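**Q** the amino acid sequence is not available; the structure is as follows:
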């Protein structure tokens with residue numbers, strides 16, 4: 001069998017590490033704070049406009065998708081910065097592609113918000 005260099009962690013330690021990652025993103029990355037605040041605002045608007053249960057679920061999944069896209073984007077950027085601190089066309093392309101995932105996720109969230117909120121706002 002192959003030996004792993006990574007220590008097996010307890011659930012509690014894994015949870016602690018994941019929580020640290022979330023706090024790191026929130027306190028060190030402006031975009032994550034903006035996404036967080038907009039996500040909370042969207043959810044509160046969903047409550048205010050009395051969205052149906054399934055609509056709130058769709059809204060929460062959409063908000064989570066944007067969070068996940070930004071988290072992966074940041075992780076990929078950090079990894080690429082670790083690979084090389086010098087400019088490299090391929091690393092730039094990788095970072096651009098990771099940023100595109102966030103953009104697509106945000107555009108999707110706007111479309112979902114449009115469908116869920118438009119008729120409620122103009123009612």
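**A** Cool, got the structure. Just so it is clear, the structure is predicted and the values come from calculations on it, not from any experiment.

**Q** thought residue 113 was touching residue 42?
**A** Yes: using C-beta atoms under 8 Å, residue 113 makes contact with residue 42 at a distance of 6.4 Å. The way it works is simple: take the backbone N, C-alpha and C, and place the C-beta from them, glycine included.

**Q** burial count for residue 43?
**A** Look at residue 43: counted by other C-beta atoms under 10 Å, it has 15 neighbours.

**Q** brain fart, residue 13
**A** For residue 13, the count of nearby residues is 11 (other C-beta under 10 Å).

**Q** list the buried residues for the helix or strand encompassing it?
**A** Residue 13 belongs to helix 11-28 when assigned by DSSP states H and E. By neighbour count with 16 or more other C-beta atoms under 10 Å, helix 11-28 contains the buried residues residue 25.

**Q** check which element follows that helix along the chain.
**A** helix 30-48.

**Q** and the angle for the helix or strand that that next one is followed by with helix 11-28?
**A** Once the chain leaves helix 30-48, the next helix or strand it forms, by DSSP H and E, is helix 53-83. Angle of helix 53-83 versus helix 11-28, following axes from the mean of the first three to the mean of the last three C-alpha atoms, to 10 degrees, is 80 degrees.

**Q** packing partners of helix 53-83?
**A** For helix 53-83, the packing partners by 3 or more C-beta pairs under 8 Å, 6 or more residues apart in numbering; DSSP states H and E come out as helix 11-28, helix 30-48, helix 89-121.

**Q** try it again at 6 Å.
**A** If you count contacts as 3 or more C-beta pairs under 6 Å, 6 or more residues apart in numbering; DSSP states H and E, helix 53-83 packs onto helix 30-48, helix 89-121.

**Q** columns distance to residue 12 and mean pLDDT on top of those, output as JSON lines?
**A** Listed next are the helices and strands packed on helix 53-83 as JSON lines, based on distance: least, C-beta to C-beta, whole Å; pLDDT from 0 to 100:
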{"stretch": "helix 30-48", "distance to residue 12": "24", "mean pLDDT": "96"}
{"stretch": "helix 89-121", "distance to residue 12": "31", "mean pLDDT": "95"}
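
**Q** perfect, that will be all.
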